[in-house]
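# Got a predicted structure plus its sequence, pasted below:
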Amino acid sequence: MTRHTIGLLLGTEDDWPSAFTEILRRLGPVEGPGGPHAFDVERITIEPFSLRDKPRYDLVIDRLAYWYYVPREWLKKVAMMDSVYLLNSPFTFQSMEKHAAYCAMMRLGLKVPETVLVPYKNPIDNSRYVYTAARYNQPFDLDAIAQKIGYPLFMKPYDGGAWRGVSRIRDATELHAAYDASGEMLMHLQKAIDYDVFARSLSIGAETMVMKFLPDQPMHLRYAVEHDFLPPDAGLEVVTISKLVNAFFRWEFNSCETLVKGGEVYPIDYANACPDVALTSLHYYFPWAMKALVKWTVFALVTGRRARLDLETDRYFAIADEPGMSYGEKLGEYRKLADAYFDTELYQDFCATSLARLDQLVLDWITGPDFDQLLVRTVQAVYPEHEHDQFIAHLRGLMELWVREETARLGYQPVKKGD
Ligand SMILES: Nc1ncnc2c1ncn2[C@@H]1O[C@H](COP(=O)(O)OP(=O)(O)O)[C@@H](O)[C@H]1O
Ligand SMILES: [Mg+2]
């Protein structure tokens, strides 16, 4: 038996880590090339480490390093020195954030709305800044930049995340108010897209789920359960762009935001190192996310998949630069590169053979009492007491819908059982 240890680097969340651990436990050993493989899951603690220490982990799912630099530096060490497989690697995310994703997508010919980066409003905290800025910073006309982009527009941090510092701006007064408030944040101005549909896609390894997103709703209502809400071409394009950006940057666990208007697909937010996978926000889509996470990690470990940190940008740029090729044809070629990077075919074969029992196993678990306890515990941890009943009923309703549809899809009657 080959044993693999999966490490979880966690902040405050407890819902998906419990779900992930439980599904792996129920799955048991998985048949691989050299015989059966078994998986242990551990939560990683923070402590001093020698750079030559050997880690206990074969794969790490990171939810912490985007703000906590002790684990971030540890991740760099284990990626570089010990070839630990990471979702995600700080080498791909620390230097490659939203701004880098915009640049890559524009270079590849995608329809990123017009975007301008403006220098800091306030001096940054560095003793060299005042002298350097006085000598080299050019004065600039913020109003003229905004007018050229056209109102309405968005002002938002170049690296983004969780809507921090994002504002929608209708005129010069709002423009200056937002810029004054931006302080030491580095900001983009971006043309607003007056979209028909907001599509949010969650990608985990070779899989992508595109969901209809309602950004103005409270958290628990943002993901609408609606199938086929995009015209088929636009749906395919959203999936392809998500896979393309993820393959390009070697991002394996990421959520992407696309605005769709009249069949045109505009990517606006493609770099989320720690995508939301909370049960309370994903609800109906939570089982899909947990299965995808289990399948991808098991696939990576059992097949000995190696992390690749070199970006091979030239292979993508060669397609972008092909003179006679249409946008659609380029997307088709990008998709081939992305599917090759994620070993999509091999992954699908692996899931169909070695993980064939996963769908029924997860359906049994979601139908049974253990999952319901997790649901109740999660609501109790997330919402104030007077809202518990309402949210438990809300979530149970959505999970029952998932169970009905999944039962029909699999043609399998779930067995309601506990442990
Ligand atoms: N160009 C745009 N056109 C229309 N809406 C936008 C645009 N940019 C951002 N938004 C809105 O602002 C929200 C936050 O912006 P986003 O770029 O996703 O930042 P964050 O990284 O903080 O999520 C988006 O979910 C969307 O609702
Ligand atoms: Mg966003």
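Everything's here; your move. Quick caveat: nothing in here was measured; it's all calculated off a predicted structure. Numbering: from 1, shown residues only. Ligands and ions are numbered 1, 2, ... in the order given.

# Give the buried residues for the one helix or strand E237 maps to.
Using DSSP states H and E, E237 maps to helix 232-249. Across helix 232-249, burial judged by 16 or more other Cβ atoms under 10 Å covers 234-249. All C-beta atoms are positioned from the backbone trio N, CA, C, and that covers glycine.

# tell me which element the residue of the chain found nearest ligand 1 falls in.
Going by Cβ to the nearest ligand atom, ligand 1 is nearest to G160 of the chain, at 2.9 Å. Under DSSP H and E, no helix or strand contains G160.

# again, but for I268
Using DSSP H and E, the element containing I268 is strand 264-269.

# helices and strands around the very next helix or strand once past that strand, which ones?
Where DSSP H and E defines the elements, the next helix or strand beyond strand 264-269 is helix 279-282. Judged by 3 or more Cβ pairs under 8 Å, 6 or more residues apart in numbering; DSSP states H and E, the packing partners of helix 279-282 are helix 15-27, helix 369-382, helix 388-410.

# Output these as CSV; include the columns mean pLDDT and mean neighbour count.
Converted to CSV, these look like this (pLDDT from 0 to 100; neighbours: other Cβ atoms under 10 Å):
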stretch, mean pLDDT, mean neighbour count
helix 15-27, 98, 19
helix 369-382, 97, 17
helix 388-410, 98, 15
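
# Of all these, which one comes closest to ligand 2?
helix 15-27 (19.4 Å; Cβ to the ion).

# The closest one packs against which elements?
With contacts taken as 3+ Cβ pairs under 8 Å, 6+ apart, helix 15-27 sits against strand 2-9, strand 35-43, helix 279-282, helix 286-302, helix 358-367, helix 369-382.

# Buried deepest among those, which one?
Stretch with highest mean neighbour count among the helices and strands packed on helix 15-27: helix 286-302 (a mean of 23; mean count of other Cβ atoms under 10 Å).

# what angle sits between that one and helix 369-382?
Going by axes from the mean of the first three to the mean of the last three Cα atoms, to 10 degrees, helix 286-302 is angled at 110 degrees with respect to helix 369-382.

# In JSON lines: the helices and strands packed on helix 15-27, plus distance to N122.
Formatted as JSON lines, these follow (distance: least, Cβ to Cβ, whole Å):
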{"stretch": "strand 2-9", "distance to N122": "33"}
{"stretch": "strand 35-43", "distance to N122": "39"}
{"stretch": "helix 279-282", "distance to N122": "34"}
{"stretch": "helix 286-302", "distance to N122": "39"}
{"stretch": "helix 358-367", "distance to N122": "50"}
{"stretch": "helix 369-382", "distance to N122": "35"}
